[in-house]
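S.K.: Based on what follows, work out the 3D shape:
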Amino acid sequence: MSKLQSSDYENVLDLIEAVFATPNVPGVTRRQRAYTVNDIIASLRLRFPHSTMTDSQVAELLARGSRSGVFNVICSNAISAEVSECDPAGVGQPLYNVNQNMVRRNPANAVYANAFNAPAPKTNLSMGCGGVNEPINAVGSSFFSVFSTGGGGANIGTHC
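M.R.: Numbers count the residues shown, from 1 in each chain. The predicted structure follows:
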C-alpha cells in the first residue's frame, strides 16, 4: 500500500500530534527540525499510551504519509534539504516532520489540516464595540495557517 487510506485518518492525526510533541521527549534535542522514527514512536507512546499501533505500523504510516505529503522526510546525512530520501543501501536514516504545506502539496490532505486548523471561535475582543469578530475562514487567506492555504486558529480583533 503506497498511499494513505481513509481508515488511516485517526492514526495520522495521532502521529501529527506525536511529531509536534516529540521535542518534549527526554533525550530529544529541541532544536531539531525532524525526528527519527524511534523518537516519534517514543512521543506517540507518551502522548497516547493506549495506542495500538505497532512500531512497524508507525514507521510504515510515516513513510506512506510522506509520499502523500502529510509528512516531510529528509535523510539524517543529507547534503541539503532538497535531498529527501536516504540511500537505499542504508546510509543515513529518515527523519520526519509535519509538512506545513501539506494541503498545497496534496489537496486531499485538507482532511488532516482541518482537524488542526479550525476557524477561530467568535469572540468579542473589543469589549464594548457591540459585537463579535467573525471566525477566520479556513479556505480564505491568512498567515495564521498551520497546515493550509487558508487561516484559522487565531482571533483577529478590530478597533471601534
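
S.K.: Low-confidence stretches in the protein?
M.R.: Within the chain, the stretches with pLDDT under 70 are 1, 76-92, 117-160.

S.K.: tell me the strands in it, going along the chain?
M.R.: 71-75, 94-98 (DSSP state E).

S.K.: So for the first one, what gets flagged as buried?
M.R.: Right, strand 71-75. F71, N72, V73, I74, C75 (16 or more other CB atoms under 10 Å). Heads up, the C-betas are built off the backbone N, CA and C, glycines and all.

S.K.: Tell me the one of the residues you listed nearest A63?
M.R.: V73 (7.5 Å; CB to CB).

S.K.: what bridges to that closest one?
M.R.: Beta-bridge pairing for V73 (DSSP bridges): Y96.

S.K.: Surely it and S66 touch.
M.R.: Yes: using CB atoms under 8 Å, V73 is in contact with S66, at 4.1 Å.

S.K.: got the domain boundaries for this protein?
M.R.: Following automatic domain parsing, one gets these domains for the chain: 6-116, 118-160.

S.K.: and the spatially closest residue to V37 that is not a sequence neighbour, how many residues sit next to it?
M.R.: Spatially, and ignoring its direct neighbours in sequence, V37 is nearest to A59 (4.8 Å; CB to CB, 6 or more residues apart in numbering). Close neighbours of A59, defined as other CB atoms under 10 Å, add up to 17.

S.K.: Next: T54.
M.R.: 10.

S.K.: swap in V28?
M.R.: Neighbours of V28 using other CB under 10 Å come to 18.

S.K.: Kindly report the same for D55.
M.R.: As a burial measure, D55 scores 12 neighbours (other CB under 10 Å).

S.K.: Thank you kindly, that will do.
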